[in-house]
Each structure stands twice: as C-alpha cells, then as structure tokens.
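J.: Sequence plus the predicted model coming up.
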2 protein chains.
Amino acid sequence: MNREILFTIEGADFDAWTKLAREATPNLTLIPDLPADGTKPAEHPGIHYCLAWRPRKGLYARVPDLKVIFALGAGIERLLADPELPPHVPLVKMAEPGLTEAMIHYVLWQTLNHHRRFWELEMAQRALRWVEQDYPAPWNRKVGILGLGALGEATAAALRDFGFQMRGWSRSPKAIPGVACFGGLDRLAEFLDGLEILICLLPLTPETIGILNADMFRGLAPGAALINAARGGHLNESDLLPALESGQLSAATLDVTSVEPLPREHPFWRHPRIFITPHNAAETAPATGLLEIARQIARFEAGQPLEHLVDRARGY
Amino acid sequence: MNREILFTIEGADFDAWTKLAREATPNLTLIPDLPADGTKPAEHPGIHYCLAWRPRKGLYARVPDLKVIFALGAGIERLLADPELPPHVPLVKMAEPGLTEAMIHYVLWQTLNHHRRFWELEMAQRALRWVEQDYPAPWNRKVGILGLGALGEATAAALRDFGFQMRGWSRSPKAIPGVACFGGLDRLAEFLDGLEILICLLPLTPETIGILNADMFRGLAPGAALINAARGGHLNESDLLPALESGQLSAATLDVTSVEPLPREHPFWRHPRIFITPHNAAETAPATGLLEIARQIARFEAGQPLEHLVDRARGY
C-alpha cells in the first residue's frame, strides 16, 4: 500500500533520499515540493503526509489534505513558531536510531573529553610540557543530562552503561534504571548539586530559554564542565565567559550557539577552554528516518496513537 | 587463609594500597619491600608472591621462596628484560576490569576524536571559521586494533558494540564475534587494507618494535589516523611526520613515546595533528587489581593454571 510523503527539506539531496526510500521503504514515495524545473511551487491535493524542517512560505496551504507533519529533527521549536503551521494537524518529532546513535557518540565523546580534561592536555602540549595527569574512575564522575526525551534518555542509559555516575532531569518525572532521575523545577537544585559534567539535551521552550546561566552554574561542582548539544538559546551566552574566568566552570563544549554560524568576532572562538562544533553533533539518518516514518504511518492508519507527538501547549 | 604479597612498586602510596587491600582482599597482606625507615632492603624468606613493576636491583635474590611474580601492568617488556628475573618463576600480566575499562575509555575517546576529525574542528576554531563537516556512520568507519590480548580483545568488542566496523590483528589467530580477525604476519596487509583508524595495543617484543612504520602506513586508507596506546617503541618515530605531511596519515594520538617524558625539543609537541597524552591512557586500579591477584593465587594454590601467564619465548 503506497503512501506519498511530501518532501520539503530545502538543501537536501532529493535524489539520494529517493534512492534510499526505494531501498529502505518501498511503500513510501517521496514527492518533491518544488517541481523539477524548481520555479513555481505545486499544489499537493491528496497528499496526507509531509516531512518538514524549515517549510517554504505558503507550503501548508498547498497541502489541503495533510494528516501528519513529520519533523526532520528532534528540536521542533522553529516549526512550532511558524504562524502558518496548521493548528490541528499532528506534528511528530523525529526519533530514529541513526539520530540517537550519533547523539550518544557526540555526548560520550565530549564527556570523555571533559572527564580526561582535554584542555589541560592541550595546554600542556602547547607549553611543550608532559604533565602528571590523573582522573577519577568513571563511577566517581557525576554526570547529568538536562532533558530526558528520546535523545536524553538513550544518552543517559549509554553513559550509565559506560560506567559514569548518571543523573537526569526533566520537567515531568521519568524513571531510567541506574540513572538518578529528578523531575520538575523544584528538584533542579538537587540534580545540579555536586554535578561535574552537565549536558543539555532539552527542547527549546519559553521555560528553557537561557536556562544555562550563572545561577545554574553556581549550583554545580566547582570546575564543572558544560556540554550544550541542544539549542544555542539554552545558554545565556554572557554568563559563560565569567563562569570560565572564575573557575566555576572549567570548560565547555558547544555544538550550538545563539547565532549560527557563530560570527568571527564572537569571543567564544578564542577561548582555550571552549570547544566549538558546527551544529553537527547528530543528524537524522535518511534510511532509518524513513523507516521510522513508515512505522508511524502504519500505526496512525491502524488507529494507534502517534509516538513522539508534539504537545503544542508544552512546546515539545 | 592469609597470603603475603611483597609490594615492590616504587612511588606508589603503600598505605593507600594497604587500606584498599584490607577492604577488598582481607586475605592478602601487603608487605613493603623497604622497611619503614626506607634505608636497607629487607630479606623476605617465606614470601611466595610479589607485585612488581620496576624492581629494585637485587630484589629477587632477597625473596628466595618466590612462586609467582604479578606484574602491575599489561606490558611487561621491561620486567622481562631484567637480567635478574628468576628464570623459572611464573610471571603474570595484569588483566583486571579497572585497567581494561580505562583503556576502552581512552581508545573510544580517541577513536571518536579521529572519527569526528577533532583536528579539523580545532583548526577551524583557530581560524574563527564555522565549517560544514560531515562524517560517515560508525558502521561505515573501518577501525582496526593491532594486538588482541586482554586489552585489545575487550577494546575491539567495545568499539564493535559502539557501532564501528571492527577488525583485529594478532600474531596467533583469535576469534571475536563481530570483529574481523586476522592472524599472523601474512595476513597483516589484508588487515590494514582500507583501514581508517589504526589502534596499537600490541606487546613490545623484538617482532613488534618499530612495527608502526612507513610501510604499514602505506597499507592503510589514505588519510588514516593512528592511535598508539601501547609502547613508544612500536612507532618508528622518524616515519610519522613524513606520513602526516604527505597526507598518508591525517592525525595521530600518542599516549606513549620512545623517550618519556617527551623532551621539549621533540617536533611531535608542535604538530597540530598530533595529540599527546602523558602515558596515562589506563592504569591498574588497585582494588580490582588486588582482587585479580587474590583470584589468581586461589587458582594457583588449587593447582589450576595461572591466567595471563607470560610466555617468555614469545615475549608477552
């Protein structure tokens, strides 16, 4: 039973996606939003599903029979902020193994970078100096993840399996075996207390904008490290350099910044204990992403609830 | 049944080890080689076991009833090279979970560093430049480990579980599920062919000295990365900079160097694509190391063969 998916991702290689869809999900047919001549957007009556990320202006009006919008990624704040977003069409966040695995890799990579104090080693190398450097066993290293959605939960479990002493915080209480979970703002201080590596995987909502700020940093262990792999808006950027200068934070990894690409004149570039990656921590893998969409369509058409559905009131 | 272990590790904190032994292995009593006044070495008749790393001159002659020598670490080439080593006393390499886990962490950390091309990101950061950077899925990344002893085998399995496409090479053939294993020198070229990240965890023997050389590098994929966490002697140091200059290698991580500490004037310090760590990839964890010694003593006294026994003819 073939299903058509309107493919609206600008800049993506439509032919490559189509080839993967033929192999991975032969029941899905990707339909380009723009016709091959690339000029005038087409109308798409009869199409029930679309894959969206930064939709072209007027898109939704041209898909009158839309039943589900699948987001290409997990962080959907820009899709939600679009005034054209149809109010009653369900919006589904992406949660697929390729994206999750890439995020686990990124966070573990950077957690190890801070666990082994890469910046201390790099500074020693620049000074041509062989240092004596010790580090605690991972089970004595207190690591916490803000945000226990699909990515946060999988990452917390992976870091736990890797031996770190794990905590997690989320707005609504969660339970993850072997991870100390804290739910709600009134348990945030408890989550932060003594934490040595803080990882942000939160959704960006009015409640979480600027949550990584001087107040939060003061709640951590002195010399804690920060890893932000969520959104630039989570970090109150003017609080980071003072926290690094005072020693409240030892170092930070930023995959995201408030303005991307980060402008050349931004002082973060030049700080020896800030490591910047160009918002490439994790991307949806087309093949497994398409498999997930096919799975969700099958659920939807069988009358089962969609998974990873966006709650518009909560904003994630 | 109490057993005495002669503790000969210079520079180690004897009191800390003793405290851990009381907690973890109350049946083991650590005996210091030097008396508390630290001057004249004592004689140790009646002691059957010792924990050794860089034995003091004349040590073994003062332990006439020695039955087993336990090495503090996995790489025992220096113990073997000691002309005083008693020829008929079994020598046991250390293999314990703390050491193994630390090595897995180190190798995974550095594998991720090369998988995500940290040096490209750091160079971009120094140039104040946000780059578009892509990387293959881990299962398309060909990673190989030279040396499948206790550390190599565990590390290969961990990297496999983490999604990398794994190969392993060892002198005698091994089988590790999900890892393509190559045994013997005549299969080395096959192991190297197309490999993108090469990890050395070999023992240092006359056969493996200088094995990381221009010839081997030419067998790898162009732009491959090297991680040496074994011994400085494995690398033919004069071949590394030319391989980095030609692009045959993209980058290298060295935990070990031929001379340690690496002298200030050594050109490795200043190369932007060589990352040096001060021979602290992995150390034996005292508590689990003592548990392993207690386990081996129990086997030995029950007439079972010692595990991780050094084969002196092979040199590991």
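T.: Yep, that arrived.

J.: May I ask which helix or strand encompasses A:G75?
T.: In the assignment (DSSP states H and E), A:G75 maps to no helix and no strand.

J.: hmm, I was thinking of A:E245
T.: Counting by DSSP H and E, A:E245 is part of helix A:240-246.

J.: check whether the helix or strand that that helix is followed by contacts chain B.
T.: As assigned by DSSP H and E, the chain's next helix or strand after helix A:240-246 is strand A:249-254. No - judged by Cβ under 8 Å from any Cβ of the partner chain, strand A:249-254 stays clear of chain B, getting no closer than 10.5 Å. (Each C-beta comes from the backbone N, C-alpha and C, glycine too.)

J.: and the stretch 51-200 of chain A, which residues reach chain B?
T.: Residues of the stretch 51-200 of chain A lying near chain B (Cβ under 8 Å from any Cβ): A:98, A:101, A:105-106, A:108-109, A:112-113, A:115-116, A:121-122, A:124-125, A:128-135, A:137-138, A:162-163.

J.: From the residues you listed, keep the buried residues only.
T.: A:98, A:101, A:105-106, A:108-109, A:112-113, A:115-116, A:121-122, A:124-125, A:130-131, A:135, A:137-138, A:162-163 (16 or more other Cβ atoms under 10 Å in any protein chain shown).

J.: which ones among these are found in helices?
T.: Within these, residues falling in helices by DSSP state H are A:98, A:101, A:105-106, A:108-109, A:112-113, A:115, A:121-122, A:124-125.

J.: farthest pair in those residues?
T.: Using Cβ to Cβ, the pair of these lying farthest apart is A:G98 and A:A124, separated by 36.7 Å.

J.: so where's chain A shaky on pLDDT?
T.: Along chain A, the model assigns pLDDT under 70 to residues A:38.

J.: Give me the most central residue, chain A.
T.: Nearest to the geometric centre of chain A sits A:A230, at 4.5 Å (Cα atoms, centre = their mean).

J.: Just to be sure, it is in a helix?
T.: No - A:A230: not assigned to a helix; according to DSSP: H, G, I helix; E, B strand; the rest coil it is coil.

J.: so how far is chain B from it?
T.: To chain B, A:A230 is 18 Å away according to Cβ to the nearest Cβ, to the nearest Å.

J.: just A:K19 next, same as before
T.: For A:K19 relative to chain B (Cβ to the nearest Cβ), the value is 16 Å.

J.: What is the neighbour count of that residue?
T.: 14 (other Cβ atoms under 10 Å in any protein chain shown).

J.: do A:G219 as well
T.: Around A:G219 sit 17 other residues, with neighbours defined as other Cβ under 10 Å.

J.: Please name the nearest non-neighbouring residue to it.
T.: Excluding the flanking residues, the one nearest A:G219 by Cβ to Cβ, 6 or more residues apart in numbering or on different chains is A:L192, at 3.6 Å.

J.: Residues of the stretch 201-316 of chain A that sit close to chain B?
T.: So the stretch 201-316 of chain A meets chain B at A:260-262, A:264-265, A:269-270, A:275-278, A:280, A:285 (Cβ under 8 Å from any Cβ).

J.: Show me the two of the residues you listed that sit farthest apart.
T.: A:E265 and A:A285 (34.9 Å).

J.: Looking at those two now, which is surrounded by more residues?
T.: More crowded of A:E265 and A:A285, by other Cβ under 10 Å: A:A285, with 19 against 8.

J.: mind listing what the nearest residue to that one once chain neighbours are set aside touches?
T.: Sequence neighbours aside, A:G98 is the residue nearest to A:A285 in space, at 2.5 Å (criterion: Cβ to Cβ, 6+ apart). By Cβ atoms under 8 Å, 6 or more residues apart in numbering or on different chains, A:G98 lies in contact with A:283-285, A:287-289, B:137.

J.: from what I can see A:F217 touches A:L249, true?
T.: Yes - A:F217 is in contact with A:L249 according to Cβ atoms under 8 Å; the separation is 5.8 Å.

J.: which residues are in contact with both of the two?
T.: What both A:F217 and A:L249 touch, as defined by Cβ under 8 Å, 6+ apart, is the set A:224, A:226, A:243.

J.: how about those residues in a markdown table, adding neighbour count?
T.: Below are the shared contacts of A:F217 and A:L249 laid out as a markdown table (neighbours: other Cβ atoms under 10 Å in any protein chain shown):
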| residue | neighbour count |
| --- | --- |
| A:A224 | 24 |
| A:L226 | 25 |
| A:A243 | 22 |
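
J.: which among the residues you listed gets closest to chain B?
T.: Nearest to chain B out of the shared contacts of A:F217 and A:L249 is A:L226 (Cβ to the nearest Cβ; 16.5 Å).

J.: so where do the strands sit in chain A?
T.: Taking DSSP state E, the strands of chain A run over residues A:3-7, A:28-32, A:49-52, A:68-71, A:91-92, A:142-146, A:165-170, A:180-183, A:197-200, A:224-228, A:249-254, A:274-276.

J.: Which residue does the stretch 151-300 of chain A have closest to chain B?
T.: For the stretch 151-300 of chain A, Cβ to the nearest Cβ, closest residue to chain B: A:P261, 3.3 Å.

J.: how many other residues sit next to that residue?
T.: Neighbour tally, A:P261, other Cβ under 10 Å: 14.

J.: okay but it is in contact with B:E132, surely?
T.: No - with contact defined as Cβ under 8 Å, A:P261 does not reach B:E132; the gap is 9.5 Å.

J.: Which neighbours do those two have in common?
T.: Contacts common to A:P261 and B:E132, judged by Cβ under 8 Å, 6+ apart, are A:P278.

J.: before we move on, the earlier item: which among the residues of the stretch 201-316 of chain A next to chain B end up buried?
T.: A:262, A:269, A:275-278, A:280, A:285.

J.: residues in contact with A:A225?
T.: Taking Cβ under 8 Å, 6+ apart as the test, what A:A225 contacts is A:114, A:196-198, A:249-253.

J.: Any idea what it is bridged to?
T.: Bridge pairing for A:A225 (DSSP bridges) gives the partners A:I197, A:A251.

J.: what's the spacing between it and A:T111?
T.: Applying Cβ to Cβ, to the nearest Å, the value for A:A225 to A:T111 is 8 Å.

J.: which neighbours do the two share?
T.: A:I197.

J.: Mind telling me which residue of the stretch 1-150 of chain A is nearest chain B?
T.: A:W130 (3.3 Å).

J.: Identify the residue nearest that residue in space, chain neighbours excluded?
T.: A:W130 sits nearest to B:P261 (Cβ to Cβ, 6+ apart), 3.3 Å away.

J.: With A:L128 as the reference, measure out to the one you found.
T.: 10 Å.

J.: ditto for A:K19
T.: 51 Å.

J.: still on that earlier bit, chain neighbours aside, what residue packs nearest to the residue nearest to the centre of chain A?
T.: A:C200 (4.7 Å).

J.: ok, now A:Q125?
T.: In space, A:Q125 is closest to B:I276, 5.3 Å off (Cβ to Cβ, 6+ apart).

J.: beta partners for that neighbour?
T.: Here B:I276, judged by DSSP bridges, has bridge partners B:L254.

J.: you'd agree it is up against A:L121?
T.: Yes - using Cβ under 8 Å, B:I276 is in contact with A:L121, at 7.4 Å.

J.: in the stretch 201-316 of chain A, which spans are helices?
T.: Taking DSSP state H, counting those that start in this stretch as the test, the helices found in the stretch 201-316 of chain A are A:214-218, A:240-246, A:286-301.

J.: Would you mind finding the most buried of the ones you listed?
T.: Neighbour counts (mean count of other Cβ atoms under 10 Å in any protein chain shown) averaged over each of these peak at helix A:286-301, with a mean of 19.

J.: by contact count, what packs against it?
T.: If you count contacts as 3 or more Cβ pairs under 8 Å, 6 or more residues apart in numbering or on different chains; DSSP states H and E, helix A:286-301 packs onto strand A:3-7, helix A:14-24, strand A:28-32, strand A:49-52, strand A:68-71, helix A:97-115.

J.: which neighbours does the fourth one have in its sheet, and in what orientation?
T.: Each strand paired with strand A:49-52, and its direction, by DSSP bridges: strand A:3-7 (parallel), strand A:68-71 (parallel).
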